[in-house]
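Visitor: output the structure for:
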Amino acid sequence: MHFEQYLATLLGGYAVPTNEQVEAMFDRPRAGPGIISVAMRRWPLLLLGALCGAALGFLIYSQQPAIYESRAQVLVIKNRGEQISPTDFRTSFVEDYVSTQLAVIKSERILLACVRKLIPNQFTPPLPDDELTRYQQIARNLTVVRDRDTSAGVGMGSAVVNLALRGVNGRDCRIILETLITTYQAELSNVYNQETKKLIKKLEAEIASRRESRQSRADEALRLDQQRLAITPEALHSVSARLSLTRDRLNAINLELIELVDQLQLISKTGKNRRDRVATFVLLGGQKRQQQTIDTNSPENMLLVLNAQRQEQSDRLGKEHPTMKSLDAQIGYYKKLVEAQNPDDPTGELDELAILEKRLIQRKRTAELQQKELQSLIALDTKTVQDAGPLQTSAEQLRANMIADLKEENARQDQLDTLNKTEQSGGFEANILSAPREGVRVGPNIVLWLAGGFAVGVFAGVLMAYIAESTDHSFRSPAEIRQRLGVPIYGHIPKLRMKLPAEVEPVPQLDAALVSALRPKSIEAEAYRGVRAQLMLTMQNRTHRVVQITSPNPGDGKSTLAANLAISLAQTGQRVILLDCDFRKPRQHQLFQLKDAELGLASVVNGNVELNDAIQPSGVEHLDILPCGPRPANPAELLTSMSFQDVLNKLRAHYDSVIVDTPPLLAVSDPRVVAQRVDAVLMVFQISKQARPSAERAREQLVDMGANLMGVVINGTSAHGGEYGYGYHYNYSYDYEYAEQYAHDSGTEPNA
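Guide: Purely as a prediction, here's the structure:
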């Protein structure tokens, strides 16, 4: 029984995935194993891991002790001296005392006082004798939380406290919880008052420390202010603003000086030529400057303006133009005035550029004086900011710290006032709203244990499946064979049933493995006829067919396939010859039980006998045998010789089909030599853990030699289908059992 059938029985008849469904899901093999694909292909391991994990979770759950829980509710009320409603929103918001009481209930003082009241022998199982151990046990199993108050609104907190205690005995949980609540009620006022006094002392010390720190900072800030005032009584922001404006003015003066220096250098490079000097004057904007500062009472200025206008319009208007004549008349008039005022100048010509140069020199001197004055002011203000700035910054930081200290001091003072009022009002009360009851069972949770075990089991199953997938080098399906080898599958040969009786009379002297001749109605013979049909269909357009039969490794069944395939071809009426080229371990003479095994192919290739003398009848109609003959010492050299090629040519000419049996490809080099001389190669192998790498290496060798690999035959499978990957099953599309029954019922041989 297969593992799938066994699992189906265990699951009470639930259907498991069929081989066709698995094959359909993964018809195209992946380059590498994916987690999902591995889990689907190895689903039995996944299912086994899940079942084992769930069983382990249930086993652990059954070994866990039962856990019981007892619950109670307590209302914590603060005693107040004044008449304030317990549900006052303002008081509840400002003073949340219930949060403090949650920690008080679980405090070491309350729990130790509770432990001392318990008698260990009254519990089942008895409590530890050590008080510290009992305290730790109760603290570990005690839960104290505030009850949710959804009706009070935002900012409101419920004053109800929920207590829960877990243990292995429901009655013990109730007794311990009752003792705890009683102890808390008795110790509540005393514990709170002591803690309040400690907190009051701590707050008073913090307030005094902050006052002292604030006074110290105030004194230091005053000292820094006095030092800053000694440097300058002016506000630093005013000094900084003035310094910024002064720097802007200095930048403007520097730019003006640069411009003046450039203009003076240009004037100094201008020669004495009148026209050049007037051009330089116009280039430097002298006319515009002159117009902006014109003095109507100064003939020199008027002469400068008129000369500039005449220079601009002389090229455009010409000397005879009325405007030019008017300008000449005005220029003559003002020249006379200038000559009258300057009798020492014989020419009477006014040098406009010289006048402009004097003005520029005067402006340069004025700008240099302003530059020195501004630099002095900047240096003075910069030193003031550098000296007084850090003092003012430190003083401002001290004042900010003083404000922060004052806020903290006020907050501490408010807490201190609240604690003083609380201490005078008399502490708190704890009223039982829901008394502790017998503990109910709350654990362990079987669902969680089963789910956890199931998850762990699934993970373990996936891990085992992935490991099995990574170490599995077998073929998983026919689709993977077709994809990896790149050739079709010609057939699946089931395991030969050697002990069955022969179906023909008289029984020929043949080996029991030749089922095609001895038991033609068997499923094995039908499988060989299926290979024959595929071979004939592939090579139907060829008159003579030379087909080599080989395998990757010894024991794959290549000799048996060659013999049965030759018999199947001969049964169609073709003239067939079976050539045994396995010079290492020849077997065809044993299968056909030839009498003269020392005469064969090796003798023909060596030239010892003629080809016709070496060919022997097989005992099957239309089938001849050319056995190996004496085993040669140099088989590879014989197969590469021209004599062997001549033998193939002669056999090709006289027979319809030539079947060549050669050694395994991965064992010796002989089959690669033969593969270059035949029409096609048919490779057979058995499914095993190393079948895939062996078949791939064999195919690579044939491809490298340029051989025509037509297809492969899977040998040694079960009668119902091929088994791939040690656990993956594939059913053939042709039902051999039906073919066998049909042949027996009809009394005829099934056709291929």
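
Visitor: hmm, A367 is touching V261, no?
Guide: No - in this structure A367 lies outside contact range of V261 using Cβ atoms under 8 Å: 10.0 Å. Backbone N, C-alpha and C define where each C-beta goes, glycine included.

Visitor: which helices and strands sit right next to the longest helix along the chain?
Guide: Using DSSP state H to define each element, the chain has its longest helix at helix 352-425. Judged by 3 or more Cβ pairs under 8 Å, 6 or more residues apart in numbering; DSSP states H and E, the packing partners of helix 352-425 are helix 170-231, helix 236-269, helix 274-283, helix 286-292, helix 299-317.

Visitor: so can I have CSV of those showing mean pLDDT?
Guide: Output for the helices and strands packed on helix 352-425, formatted as CSV (pLDDT from 0 to 100):
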stretch, mean pLDDT
helix 170-231, 84
helix 236-269, 88
helix 274-283, 80
helix 286-292, 51
helix 299-317, 73
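
Visitor: in a markdown table, list those along with distance to Q330 and mean neighbour count.
Guide: As requested, those are exported to a markdown table (distance: least, Cβ to Cβ, whole Å; neighbours: other Cβ atoms under 10 Å):
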| stretch | distance to Q330 | mean neighbour count |
| --- | --- | --- |
| helix 170-231 | 65 | 16 |
| helix 236-269 | 27 | 14 |
| helix 274-283 | 17 | 16 |
| helix 286-292 | 15 | 16 |
| helix 299-317 | 5 | 17 |
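
Visitor: skipping adjacent residues, who's closest to Y97 in space?
Guide: Taking Cβ to Cβ, 6 or more residues apart in numbering, and ignoring the residues beside it in sequence, Y97 has K78 as its nearest neighbour in space, at 5.4 Å.

Visitor: OK, contacts around E357?
Guide: For E357, the contact set (Cβ atoms under 8 Å, 6 or more residues apart in numbering) comprises 264, 267.

Visitor: so what's the residue count around the residue nearest to Y97?
Guide: The burial metric for K78, expressed as a neighbour count using other Cβ atoms under 10 Å, is 19.

Visitor: what's the pLDDT at it?
Guide: Note on K78: pLDDT of 76.

Visitor: pretty sure it contacts F428?
Guide: Yes - with contact defined as Cβ under 8 Å, K78 counts as touching F428 (5.3 Å).

Visitor: now do the shared contacts for those two.
Guide: Overlap of the contact sets of K78 and F428 (by Cβ under 8 Å, 6+ apart) consists of Y97.

Visitor: tell me the average confidence for stretch 688-701?
Guide: Summarised as a single mean, pLDDT over stretch 688-701 is 87.

Visitor: off-centre distance for that stretch?
Guide: 36 Å (Cα atoms, centre = their mean, to the nearest Å).

Visitor: what residues of it count as buried?
Guide: By 16 or more other Cβ atoms under 10 Å, the buried positions in stretch 688-701 come out as 688, 691-692, 694-695, 698-699, 701.

Visitor: from the residues you listed, which is closest to L648?
Guide: For those, the closest approach to L648 (Cβ to Cβ) belongs to Q701, at 20.3 Å.

Visitor: what's around the nearest residue to Q690 once chain neighbours are set aside, how many residues?
Guide: Ranked by Cβ to Cβ, 6+ apart and with sequence neighbours excluded, the top spatial neighbour of Q690 is H473, at 5.4 Å. If you count neighbours by other Cβ under 10 Å, H473 ends up with 14.

Visitor: in space, what's closest to R116 - neighbours in sequence excluded?
Guide: Leaving aside its chain neighbours, R116 sits nearest to E131 (6.7 Å; criterion: Cβ to Cβ, 6+ apart).

Visitor: how about the contacts made by the nearest residue in space to R277 that is not next to it in sequence?
Guide: The shortest distance from R277 to any residue that is not its chain neighbour, by Cβ to Cβ, 6+ apart, is 4.3 Å, and that residue is L353. Contacts were defined as Cβ under 8 Å, 6+ apart; by that measure L353 touches 267, 270, 277-278, 280-281, 286.

Visitor: of those, just say which sits nearest to Q313.
Guide: Taking Cβ to Cβ as the measure, Q313 sits nearest to V278 out of the contacts of L353, at 13.1 Å.

Visitor: hang on, the closest one packs against N307?
Guide: Yes - at 6.9 Å, V278 counts as touching N307 under the criterion of Cβ under 8 Å.

Visitor: need the overlap of contacts for those two.
Guide: E352.

Visitor: ranges for the helices of the stretch 1-150 of the chain?
Guide: Here the stretch 1-150 of the chain has its helices, by DSSP state H, counting those that start in this stretch, at 3-10, 19-25, 35-41, 43-63, 89-94, 98-105, 108-117, 131-141.

Visitor: circling back: from L433, how far off is the residue nearest to Y97?
Guide: K78 sits 16 Å away from L433 when distances are taken as Cβ to Cβ, to the nearest Å.

Visitor: closest one to D219 among the helices of the stretch 1-150 of the chain?
Guide: helix 89-94 (35.3 Å).

Visitor: quick one: mean pLDDT over that closest one.
Guide: The pLDDT scores in helix 89-94 average 41.

Visitor: show me this protein divided up by domain.
Guide: 3-64+444-471, 239-395, 488-746 (automatic domain parsing).

Visitor: so which of those domains is the most surrounded?
Guide: Mean neighbours per residue, mean count of other Cβ atoms under 10 Å, is largest over these for domain 488-746, with a mean of 19.

Visitor: for the nearest residue to I567 once chain neighbours are set aside, what are its contacts?
Guide: By the measure of Cβ to Cβ, 6+ apart, the closest residue to I567 outside its immediate chain neighbours is S516, 4.1 Å from it. When contacts are counted by Cβ under 8 Å, 6+ apart, S516 touches 524-525, 528-529, 564-565, 567-568, 571.

Visitor: widest-spaced pair of the residues you listed?
Guide: The distance between the two most remote of the contacts of S516 (Cβ to Cβ) is 14.3 Å, for E524 and Q571.

Visitor: where's M302 relative to R277, distance?
Guide: Going from M302 to R277 by Cβ to Cβ gives 18 Å.

Visitor: just put the contacts of L353 in a markdown table and tack on distance to A235.
Guide: Supplementary listing: the contacts of L353 in a markdown table, determined by distance: Cβ to Cβ, whole Å:
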| residue | distance to A235 |
| --- | --- |
| I267 | 48 |
| T270 | 53 |
| R277 | 55 |
| V278 | 56 |
| T280 | 51 |
| F281 | 51 |
| G286 | 47 |
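
Visitor: ok, which stretches of the stretch 651-752 of the chain are helices?
Guide: Residue ranges of the helices in the stretch 651-752 of the chain, as given by DSSP H, counting those that start in this stretch, are 670-675, 691-704, 736-746.

Visitor: just the stretch 501-650 of the chain next, same as before
Guide: Taking DSSP H, counting those that start in this stretch as the criterion, the stretch 501-650 of the chain carries its helices at 515-518, 523-538, 558-570, 588-591, 601-605, 611-614, 635-640, 642-654.

Visitor: name the helices or strands packed onto the fifth one?
Guide: Based on contacts counted as 3+ Cβ pairs under 8 Å, 6+ apart, the elements that helix 601-605 packs against are helix 611-614, helix 642-654.

Visitor: just put those helices in CSV and tack on mean pLDDT and distance to Y135.
Guide: Output for the helices and strands packed on helix 601-605, formatted as CSV (pLDDT from 0 to 100; distance: least, Cβ to Cβ, whole Å):
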stretch, mean pLDDT, distance to Y135
helix 611-614, 91, 104
helix 642-654, 92, 98
